[in-house]
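Undergrad: quick one: sequence and predicted model below, then my questions.
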Amino acid sequence: MKEFMMIFSGADYADLGLSPEELQNRMGKWFAWGNKMEQAGVLRGGNALNPGMRRIVGENRTVTDLTSAEVKEIVGGYYLVEAKDFDAVEEIAQDFPDYDLDGTVEIREVMVFDK
């Protein structure tokens, strides 16, 4: 089995103007998806990320503080899962709760270095 990171990007919920009820419903879908992966024994970790961000770029280490309003889509979080291959993770990603908000799941295999 291999480890994969599913990286979630899309609009910031605050920028979408979701009602408290819509937000609660959406979070319920996230918890249900996470629980499904836990019960299947594939979830290894993950977190949601706050929308504020700081970028440090280049040799001069130019620092820029950004808000979700300044970028088209933000990385909102990630899950680390264990699976046989990309196809298996793609199947897991079918239940991603934010496809209806044009959200994206990027799947990356975790690189393993020999010691």
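TA: Received the coordinates, thanks. Given the structure is predicted, the values throughout are model-derived calculations rather than measurements.
Undergrad: going forward, measure contacts between C-alpha atoms and count neighbours the same way
TA: Noted.
Undergrad: how distant is the lengthiest helix in the chain from the center of its chain?
TA: The residue-count maximum for a helix in the chain (DSSP state H) belongs to helix 20-40. In terms of CA atoms, centre = their mean, to the nearest Å, the centre of helix 20-40 is set 13 Å apart from its chain centre.
Undergrad: residues of that helix that come out buried?
TA: By neighbour count on 16 or more other CA atoms under 10 Å, the buried set for helix 20-40 is 26, 29-30, 33-34, 37.
Undergrad: distance between the ends of stretch 43-60?
TA: 39 Å (CA to CA, to the nearest Å).
Undergrad: any idea how far it is from the chain center?
TA: Here the centre of stretch 43-60 is set off from its chain's centre by 11 Å, with CA atoms, centre = their mean.
Undergrad: with stretch 32-46 instead?
TA: Mean-position distance between stretch 32-46 and its chain equals 14 Å (CA atoms, centre = their mean).
Undergrad: could you count how many residues lie near Ile56?
TA: 11 (other CA atoms under 10 Å).
Undergrad: could you give the bridge partners of it?
TA: Counting by DSSP bridges, Ile56 is bridged to Val63.
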